[in-house]
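Asks: I'd like to go over a predicted model; first the sequence, then the structure.
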Protein chains: 2
Amino acid sequence: MNRPKIAVDCMGGDYAPEEIVKGCLLACRELEVLLYLVGDEKRIRNILEREGACDKERLVIVHADDVVGMHEPASNVLKKKNSSLYVAGLLLRENKADGLVSAGNTGAVLTVGKFLVGALEEVERPAIGVALPNPKGRTVLIDVGANVDCKPKHLLQFAIIGHTYAKEILGIQNPRVGILSIGEEEGKGNELVRESYSLLKRSKLNFLGNAEGRDIYAGTFDVIVCDGFVGNVILKASESLGMAVLQMIKEEVQKSLLAKIGALLIKPALNNFKKKADFAEYGGIPLLGAKKPVIITHGRANAKAIKNAIRVANEFYLHHFNERLSEDIKNLSPKEVRI
Amino acid sequence: MNRPKIAVDCMGGDYAPEEIVKGCLLACRELEVLLYLVGDEKRIRNILEREGACDKERLVIVHADDVVGMHEPASNVLKKKNSSLYVAGLLLRENKADGLVSAGNTGAVLTVGKFLVGALEEVERPAIGVALPNPKGRTVLIDVGANVDCKPKHLLQFAIIGHTYAKEILGIQNPRVGILSIGEEEGKGNELVRESYSLLKRSKLNFLGNAEGRDIYAGTFDVIVCDGFVGNVILKASESLGMAVLQMIKEEVQKSLLAKIGALLIKPALNNFKKKADFAEYGGIPLLGAKKPVIITHGRANAKAIKNAIRVANEFYLHHFNERLSEDIKNLSPKEVRI
C-alpha cells in the first residue's frame, strides 16, 4: 500500500525522546502512515517496547547518534551530519520520506527545510504559515519567521502559498487574502507593502486589499501576508500577551474568595477555549513551499502535539499540497512575474 | 499663577462634544490647569452650563466652526483651518498652549503634531510611545505608528525618547532598553535592526540588546524600540487578540450554567484587570518629541479618559519633559550621530 512516510526527529524538543516516541505510537495507531523514528536507536527502542504495540513494520527506527541542542546556532545542523534532525532531513532530500516533524531547535529545523530539503521549483522562498484562531474560524498569517528583508515578489508568493494552504488544508473556499498594513486604503503602509499591493492586485487571488493588525484575530480575512520579521514579532507578542493576560487576571482573582470559586466554575470552559487557541494542539506550524512539508512543533510539544503534527504532515501528502501549490503559483501570479 | 494651559479638541471623537467637555470639567476640578475648549462655542457652552460649576476662568472656550471627520484623509486637517483640531494645534504653535488632547481622527492628530506643532530642534521625527501593561509594570513600545520606513538614526532617537518617557513620566530609574527583533543574539533580525543595534550599543542608554515579541508583555524591558509599521500592527493585533479571547471564552462559558455562575463571580476581578490593561484609562497615547506634547486618546474616549489624557499632558509640562528630552538626546547619542 502506498502510505505516506513521515520522518520524525525523535531527539528534538524539551521532552525528547520520551514524548516524541509516544506521539509516534499514537499516530501509528490512528493514521495510515509509516514513520521513520530518527535518533538514538537504543533509547527509542526502549520506549517502544515499554509503551507497547503498534504495527511494527510502520515504525522504522533510523539511528542517528548526534543531536542539535535547543540553543545552538541554527546553522550548526548543516555541520552535524549525524544529528537526528539532519538525518531526518536527508530522508526527505533523498525521496525516502514525504514529510518531516520536529519539536527541536526552530531555527535548525528551518535551516534543514530551506537548505537540505530545499524549495519547490516554483517557489523562491518557503514561508511559515500559522493558522491563528478567531471567533469565526482561523486566519493564516504568513510569513511568521522564515524570511526577513523580503521583496514584493516574495510577498506575492507568500500570499499564494497561504491561499493554497487555506484552501487545501483548512478547507476554505476562495480564501480572502489581505496584506498587513497600517491603514485600510491602498497607498497606506511602508514601501514594501505599497509595492506588493500592486502585484497582489494584478494576481488572480481573491485579494481584498490592506488588512490591519486588528484583522488578524477578527476573522475578516482568511490569509494575511506579511514579511517574516513582522509576522514573527506578532506571533510571539500574541503568545506572550495571552500569558500576561492570564497571569494578571489570576492575580486579581486571588484577591477575593468569591472570584476564586468563580474561577473554579469556569475552568472547564477555559480549557475548551485553550484547546481551540492552542496551535500546538492544532498540529504545529508548517514550512510551506519546501519540496516536502516540514512541520515545526513547539519545543514543549507532548505526545498529542506530535501526533497532531504527524496528522498534518499526512494531510499535506493526501491533499497533494505541493502539486496544488505549484499549479497555483503558475496560475495565480500576474503574468509579468516570472519565477 | 503659572499653570499649564492645555488645548482640548472638543469636537473630535465618537462622543464629542458631550464626553469631551465633561472630561474637561472633571480635569478642571481635579487639576491645576487652564483648559482651552476648542470647538462649537454654543454647544460647548450649553454643556458647561448644564453640567455646572468649575472655576470659570480656567475654562476658556475657543470657537472653531469646522470639524475633521473620523474617516477623512488625515491630510485634510491642514486645509481645514477652521477645524477644532487645527485651531487647537495653532494654540500650541503660537505658544499659547502647552499641550494638546484630542480623541479625533488619529491620523489627523498626528499630522497636526508633526507638521503644525512640529518637532523639537533635536528630534528628527516625533514618535508615538505606548506604555503597555504587563504583570510586573509597564513597557514602552515606541514607535507605534508615527513613522514607517525608518533609518537606524531614527530608531536610535525613538529609543532615547522612550527612555526619557519611561524615566520622567513613568518614574522608572535607568530604563532597560531593547530593540525588537526575531532572535536574542546580536546579528539576528532584519537589516534595519542590525544597523540600529550597533548605534544603540554605542549610545549611553542602558541597552540590553535584542528584545523578542514575547518580551513585549513579559516585563523584561522598560523600553522596546521598533519602526512605526511594526509597532502599529503589534498594537492593533494585541487589541484585537484581547477582544477575540474574551469573545471565545464567553462563547464557551455560555454552554454551561455553572460556568455562567462562575463568570458572574469573577466579574469584579475581571473589571480590575481591564482597568489596568486599558491604556485609554491610563491617559491616551502621546506623540513624543513634538515641540509640545500631543496626546491622542481613543475615538471612544469617555469623560474619564479625556480627564486622564489632560492629566498626562499636565505631567509632561510639570516634569519639563521636553527639556529633559533635548538634554537626553544630546547626552545619550553616540558622538558620531549629529542631529
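Replies: Cool, got the structure.

Asks: only C-alpha atoms for contact and neighbour calcs from this point on.
Replies: Noted.

Asks: In the stretch 51-200 of chain A, what residue spans correspond to strands?
Replies: All strands of the stretch 51-200 of chain A, identified by DSSP state E, counting those that start in this stretch, fall at A:59-63, A:99-102, A:127-134, A:137-142, A:177-180.

Asks: What average pLDDT does the last one get?
Replies: Translated: strand A:177-180. If you average the pLDDT over strand A:177-180, you get 98.

Asks: So which elements touch it?
Replies: helix A:191-202, strand A:207-211, strand A:223-225 (3 or more C-alpha pairs under 8 Å, 6 or more residues apart in numbering or on different chains; DSSP states H and E).

Asks: Contacts only, for A:D143.
Replies: By C-alpha atoms under 8 Å, 6 or more residues apart in numbering or on different chains, A:D143 lies in contact with A:127-129, A:158, A:225-228, A:231-232.

Asks: So which of the helices and strands packed on strand A:177-180 is the most surrounded?
Replies: Stretch with highest mean neighbour count among the helices and strands packed on strand A:177-180: strand A:223-225 (a mean of 32; mean count of other C-alpha atoms under 10 Å in any protein chain shown).

Asks: For whichever helix or strand comes after it, which helices and strands make contact with it?
Replies: Later in the chain than strand A:223-225, the nearest helix or strand by DSSP states H and E is helix A:228-253. Other helices and strands packing on helix A:228-253, by 3+ C-alpha pairs under 8 Å, 6+ apart, are strand A:137-142, helix A:257-277, strand B:127-134, helix B:228-253, helix B:257-277.

Asks: how about the residues of the stretch 101-250 of chain A near chain B?
Replies: A:134-135, A:145, A:148-149, A:180-182, A:189-191, A:212-218, A:229-230, A:232-242, A:244-245, A:247-249 (C-alpha under 8 Å from any C-alpha of the partner chain).

Asks: Pull out the buried residues from the residues you listed.
Replies: With neighbours counted by 16 or more other C-alpha atoms under 10 Å in any protein chain shown, these contain buried members at A:134-135, A:145, A:148, A:180-182, A:189-190, A:212-218, A:229-230, A:232-242, A:244-245, A:248-249.

Asks: Quick check: closest non-adjacent residue to the residue of the stretch 201-339 of chain A found nearest chain B.
Replies: Distances between the stretch 201-339 of chain A and chain B by C-alpha to the nearest C-alpha are smallest at A:G262, namely 3.6 Å. In this structure, A:G262 finds its nearest non-sequential neighbour in B:G262, 3.6 Å apart by C-alpha to C-alpha, 6 or more residues apart in numbering or on different chains.

Asks: Can you give me the distance of the one you found to B:G129?
Replies: Distance of B:G262 to B:G129, computed by C-alpha to C-alpha, to the nearest Å: 37 Å.

Asks: More neighbours: these two, which one.
Replies: B:G129 (29 against 22; other C-alpha atoms under 10 Å in any protein chain shown).

Asks: contacting residues for the residue lying closest to A:L78 once chain neighbours are set aside?
Replies: Among residues not flanking A:L78 along the chain, A:Y86 sits closest, at 7.0 Å (C-alpha to C-alpha, 6+ apart). By C-alpha under 8 Å, 6+ apart, the contact list for A:Y86 reads A:77-78, A:80, A:112.

Asks: circling back: got JSON lines for the contacts of A:D143, with pLDDT too?
Replies: Putting the contacts of A:D143 into JSON lines (pLDDT from 0 to 100) gives the following:
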{"residue": "A:A127", "pLDDT": "96"}
{"residue": "A:I128", "pLDDT": "95"}
{"residue": "A:G129", "pLDDT": "94"}
{"residue": "A:F158", "pLDDT": "98"}
{"residue": "A:V225", "pLDDT": "98"}
{"residue": "A:C226", "pLDDT": "97"}
{"residue": "A:D227", "pLDDT": "95"}
{"residue": "A:G228", "pLDDT": "95"}
{"residue": "A:G231", "pLDDT": "96"}
{"residue": "A:N232", "pLDDT": "94"}
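
Asks: which of those residues lies closest to A:L287?
Replies: Taking C-alpha to C-alpha as the measure, A:L287 sits nearest to A:I128 out of the contacts of A:D143, at 4.5 Å.

Asks: circling back to that earlier point, what confidence value was assigned to the residue of the stretch 201-339 of chain A closest to chain B?
Replies: Turning to A:G262, the model gives it a pLDDT of 85.

Asks: Quick check: it vs A:I234, distance?
Replies: 32 Å.

Asks: go on, A:A127?
Replies: Noted for A:A127: a distance of 15 Å to A:I234, by C-alpha to C-alpha.

Asks: Assign a three-state SS to A:G13, would you?
Replies: The three-state label given to A:G13 by DSSP: H, G, I helix; E, B strand; the rest coil is coil.

Asks: count of neighbours near it?
Replies: Neighbourhood size, A:G13 [other C-alpha under 10 Å]: 25.

Asks: who's in contact with it?
Replies: A:70, A:102-105, A:298-301.

Asks: Give the buried residues for the helix or strand containing A:I310.
Replies: Taking DSSP H and E as the criterion, the element that holds A:I310 is helix A:303-318. Within helix A:303-318, the residues that qualify as buried are A:303-317, counting by 16+ other C-alpha under 10 Å.

Asks: follow-up on the earlier one: save the helices and strands packed on strand A:177-180 as TSV, and put in distance to A:R3 too.
Replies: Converted to TSV, the helices and strands packed on strand A:177-180 look like this (distance: least, C-alpha to C-alpha, whole Å):
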stretch	distance to A:R3
helix A:191-202	37
strand A:207-211	36
strand A:223-225	30
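
Asks: How much space separates the residue most central in space within chain A from B:R50?
Replies: Central residue of chain A (C-alpha atoms, centre = their mean): A:I285, 1.2 Å from the mean position. According to C-alpha to C-alpha, A:I285 and B:R50 sit 59 Å apart.

Asks: just to revisit the earlier point, just the buried ones out of the contacts of A:G13, please.
Replies: A:70, A:102-105, A:298-301.

Asks: Let me see the contact set for the closest residue to A:A159 other than its chain neighbours.
Replies: Computed as C-alpha to C-alpha, 6+ apart, the closest residue to A:A159 that is not its neighbour in sequence is A:V225, at 5.6 Å. A:V225 makes contact with A:141-143, A:155, A:158-159, A:162, A:177-180 under the criterion C-alpha under 8 Å, 6+ apart.

Asks: Which residues does A:V225 form beta bridges with?
Replies: Beta-bridge pairing for A:V225 (DSSP bridges): A:I142, A:I179.

Asks: what about it, distance to A:P135?
Replies: Distance, A:V225 to A:P135, by C-alpha to C-alpha: 20 Å.

Asks: Then A:N190?
Replies: Remark: distance between A:N190 and A:P135 (C-alpha to C-alpha) = 29 Å.

Asks: A:S102 too?
Replies: Counting by C-alpha to C-alpha, the gap from A:S102 to A:P135 is 29 Å.
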